[in-house]
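Trainee: give me coordinates for this.
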Amino acid sequence: MTLALYSLCGANPQHFFSPHCWKAVMALAHKGLAFEEIPTTYAGIAKIGGGFSPTLPVLDDNGHLVTDSFAIALYLEEAYPDRPSLFGGEGGKALSRMVEGYSQMVIHTAIMRMALMDIHGALDEGDKAYFRESREQRLGRKLEDVVANRADEEAAFAAKLEPMRHMLKFQPFIGGETPLFADYIVFGALQWLRVTAGLSMLAPDDPVVAWLDRCLDLHESRGRTVTAA
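Mentor: Below you'll find the model as predicted:
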């Protein structure tokens with residue numbers, strides 16, 4: 001049986017935008033595993049495995065369900081040890097936890113303040129009310145208020161990627177000469193921004209943009225299957 005990955009989509013079933021789902025997509029591709037990516041709206045999540053998980057991605061490996069992108073990567077590393085490693089050992093797992101914290105606490109929060117209304121606008125009509133209610137409850141204010149200072153956020157965004165630029169002085173990927181799951185964590189975040197709001201806030205000659213292009217070209221250009229906003 002081909003592995004199945006349930007990934008979040010917008011009104012266009014091929015518009016995959018979730019950073020967490022992209023992490024899982026790239027992890028599966030890194031392992032060289034054939035899989036079917038199943039477009040899933042927010043409303044469709046509850047139908048997976050009888051309500052197995054409230055969030056995506058969900059991996060179905062011949063009836064064995066796994067949720068959470070990091071847990072999926074750990075599962076793939078254990079279940080398919082003969083395939084290329086996602087971590088390169090225990091040190092790579094520890095590195096990935098640190099990168100995950102940087103990505104979600106710094107990059108994700110900035111993207112939310114820039115792209116929230118773009119994400120809302122790309123959703124299936126049946127998902128928009130849920131998205132607005134859940135995010136406004138989480139953030140404590142209206143979506144429009146979250147993005148009210150978008151121009152300032154865009155101006156400040158490049159500086160939040162300075163740790164990446166420092167790393168890129170020494171190596172082409174976070175993983176070194178070749179990518180590891182740590183790369184896919186940050187890739188997922190910037191792919192999220194790329195396909196929802198675009199990357200106009202980054203200079204074309206930014207080393208991070210060059211790194212992102214290298215990631216987009218990986219695994220038969222899997223990341224380019226969704227066009228930029």
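
Trainee: please count neighbours and contacts with C-alpha atoms only from this point.
Mentor: Fine.

Trainee: give me the domain ranges for this protein.
Mentor: Following automatic domain parsing, one gets these domains for the chain: 3-79, 90-223.

Trainee: a markdown table for these, including mean neighbour count and mean pLDDT?
Mentor: As requested, the domains of the chain are exported to a markdown table (neighbours: other Cα atoms under 10 Å; pLDDT from 0 to 100):
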| stretch | mean neighbour count | mean pLDDT |
| --- | --- | --- |
| domain 3-79 | 19 | 98 |
| domain 90-223 | 17 | 98 |
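
Trainee: who touches stretch 181-195?
Mentor: The contact list for stretch 181-195, computed with Cα atoms under 8 Å, 6 or more residues apart in numbering, reads 17-23, 26-27, 73, 86-87, 92, 95-96, 99-100, 103, 107-108, 111, 115, 173-175, 199, 212, 215, 223, 226-229.

Trainee: same question, stretch 66-76
Mentor: Stretch 66-76 is touched from outside by 20-21, 23-24, 27-28, 31, 53, 55-60, 86, 181, with contacts defined as Cα under 8 Å, 6+ apart.

Trainee: got the confidence number for Met1?
Mentor: Met1 carries a pLDDT value of 57.

Trainee: what sits against Leu199?
Mentor: Contacts of Leu199 by Cα under 8 Å, 6+ apart are Leu193.

Trainee: separation between it and Thr227?
Mentor: Leu199 sits 12 Å away from Thr227, taking Cα to Cα, to the nearest Å as the criterion.

Trainee: ok, Thr41 touching Gly10?
Mentor: Yes: with contact defined as Cα atoms under 8 Å, Thr41 reaches Gly10; the gap is 6.6 Å.

Trainee: overlap in contacts of these two?
Mentor: Common contacts of Thr41 and Gly10, defined by Cα under 8 Å, 6+ apart, comprise Asp124.

Trainee: run through who's touching the host helix or strand of Val209.
Mentor: According to DSSP states H and E, Val209 maps onto helix 207-221. Helix 207-221 is contacted from outside by 26, 29-30, 161, 164-165, 168, 172-173, 187, 190, 202-203, 222-224, using Cα under 8 Å, 6+ apart.

Trainee: alright, that wraps it up for me.
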